[in-house]
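S.K.: Build the 3D model from these lines:
(one chain, ligands or ions: 1)
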Amino acid sequence: MPAVNPDPPASPTSAPEGDDDARLDTFEASKRRSDAIEKGLRENPQKYRVLTGDRPTGALHVGHYFGSLQNRVRIQNLGVEVYIVVADYQVLTDREGTDAIPNNVQELVLDYLAAGLDPESGKTAIFTHSHVPALNQLLLPFLTLVSMGELDRNPTVKEEIEAAGLTTVNAGMYTYPVHQAADILFCKGNVVPVGRDQLAHLELTRKIARRFNQRYAKKNPIFPEPEGLLSEAPKILGLDGSQKMSKSRNNAIVLQATADETAKLVKRATTDSERRITYDPEKRPAVANLLLMIGLCTGEKPEAIAERLGEGGGGALKNELTTVLNDTLAPLRARRAELAKDKKEVVRRVLSQGNAKANAVANATLAEVRAAMNMSYGID
Ligand code: TRP
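M.R.: Residues are numbered from 1 along each chain as shown. You can find the predicted model right below:
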């Protein structure tokens with residue numbers, strides 16, 4: 001039996017009472033709460049359980065590293081319990097084929113481990129949707145707690161449908177924010193690291209938790225209302241300097257790239273013809289993005305790097321980025337290469353351990369949910 005904390009954490013902050021829409025969220029309010037959570041994570045790591053994850057759609061890249069991976073590792077190392085869902089079912093929201101999934105899952109897990117997520121710490125569980133039946137079963141009651149109108153209004157889902165150019169939208173896509181609520185609530189996760197665009201999803205999870213508790217578990221609330229930990233990391237653009245870094249847009253540096261491959265990719269990055277390097281994200285987004293990446297590696301302010309490079313032009317800028325990025329990623333890449341020697345077995349071990357822990361927690365939560373809903377029938 002894997003170790004399961006028998007007393008999962010409650011909501012980290014008290015939720016306002018009453019009406020669902022009483023808490024009309026401004027970004028500033030979310031930011032204030034996020035800052036309080038950040039302090040709490042450092043002072044009382046045992047009070048928190050963080051849930052986050054990724055769809056296994058390809059190897060992770062530099063944007064993922066600075067945008068989320070580093071932060072997850074930092075949180076784990078504070079002593080916080082971290083659950084990471086490899087959202088394999090969710091892949092099917094915008095595509096049909098599953099041929100690529102096994103390899104993508106392997107690459108993803110290796111990237112996690114190489115970045116420093118460590119199931120051996122006993123704090124971190126990495127699990128797959130498809131192997132945790134009780135988690136998925138929560139989706140059924142949860143779907144009855146949201147209205148079609150609420151699903152319809154979700155701005156992030158709309159944008160994703162548009163971005164993927166889908167002509168027909170399957171119900172999995174439409175309802176995936178509810179599935180994510182199950183991902184978060186099955187383990188009573190009370191903190192979710194989010195980007196700004198994910199706040200609408202988190203708000204829906206909070207509503208589902210609140211409505212479930214109000215409807216079925218008034219005396220002994222089952223679910224916490226999770227809080228968002230807003231990402232501090234700036235959005236990294238791709239090497240084309242015009243859109244988000246992503247493998248499918250062919251503008252990414254994957255974490256597992258070699259130093260030479262990295263140099264070649266950076267050489268081809270978009271800059272402009274001005275010799276003097278300045279940090280101007282509005283007028284010179286491509287140059288600013290490369291400066292930003294250097295800053296993330298060295299801890300310097302992008303303005304200071306620009307000053308230092310002065311009249312060096314795009315060449316100096318790219319040389320600098322290649323050097324500091326390769327230096328920063330070298331330990332990760334070395335670890336990854338080591339793990340990749342035995343990748344099937346390494347990944348199998350991580351997932352069987354993570355899935356066992358997730359299943360134990362999910363089964364316990366589902367039992368509570370059934371009891372609250374008068375569906376226990378004296379059977380286990
Ligand atoms: N949607 C996330 C992604 O595209 C993955 C994910 C699934 C997730 N369930 C989640 C993230 C719950 C946070 C919370 O990568």
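S.K.: Pull the contacting residues for residue 301.
M.R.: Shown in contact with residue 301 (Cβ atoms under 8 Å, 6 or more residues apart in numbering): residue 295. (C-beta placed from N, C-alpha, C; glycine too.)
S.K.: Actually, residue 249.
M.R.: Neighbours of residue 249 in contact, by Cβ under 8 Å, 6+ apart: 238, 240, 243.
S.K.: Can you tell me how far the first one is from residue 293?
M.R.: It stands for residue 238. To residue 293, residue 238 is 11 Å away according to Cβ to Cβ, to the nearest Å.
S.K.: ok, now residue 114?
M.R.: Taking Cβ to Cβ as the measure, residue 114 falls 19 Å from residue 293.
S.K.: Kindly report the same for residue 168.
M.R.: 38 Å.
S.K.: of these two, who's got more company?
M.R.: Neighbours were counted for residue 168 and for residue 293 using other Cβ atoms under 10 Å; residue 293 has more, 28 against 6.
S.K.: how about the strand or helix carrying the more buried one: buried residues?
M.R.: Using DSSP states H and E, residue 293 maps to helix 285-298. Buried residues in helix 285-298, counted by 16 or more other Cβ atoms under 10 Å: 285-297.
S.K.: next one: the helix ranked longest in the chain to chain centre, how far?
M.R.: For the chain, the helix with the greatest residue count under DSSP state H is helix 343-372. Computed by Cα atoms, centre = their mean, to the nearest Å, the separation of helix 343-372 from the middle of its chain amounts to 19 Å.
S.K.: what comes up buried for that helix?
M.R.: 346-347, 350-351, 353-366, 368-370, 372.
S.K.: same question, stretch 142-158
M.R.: Across stretch 142-158, burial judged by 16+ other Cβ under 10 Å covers 142, 143, 145, 146, 150, 151, 154, 156, 157.
S.K.: hmm, that stretch touching the ligand?
M.R.: No. If you take Cβ under 6 Å from any ligand atom as the test, stretch 142-158 misses the ligand, and the best it gets is 9.5 Å.
S.K.: and residue 211, how many neighbours does it have?
M.R.: With other Cβ under 10 Å as criterion, residue 211 counts 16.
S.K.: cool, and residue 110?
M.R.: 23.
S.K.: ok, it touching residue 345?
M.R.: No. The criterion here is Cβ atoms under 8 Å, and residue 110 misses it with residue 345 at 11.9 Å.
S.K.: in the chain, which segments are predicted with low confidence?
M.R.: 1-25 (pLDDT under 70).
S.K.: near the ligand, which residues of it show up?
M.R.: So the chain meets the ligand at 51, 52, 53, 54, 55, 85, 87, 90, 180, 183, 184, 192 (Cβ under 6 Å from any ligand atom).
S.K.: didn't the third one look like it was pressed against residue 88?
M.R.: Same thing as residue 53. No. Taking contacts as Cβ under 8 Å, residue 53 lies outside contact range of residue 88: 10.2 Å.
S.K.: chain center to stretch 373-380: distance?
M.R.: How far stretch 373-380 lies from its chain's middle: 35 Å, per Cα atoms, centre = their mean.
S.K.: Can you list the neighbours in contact with that stretch?
M.R.: With contact meaning Cβ under 8 Å, 6+ apart, stretch 373-380 is reached by 141, 216, 367, 370.
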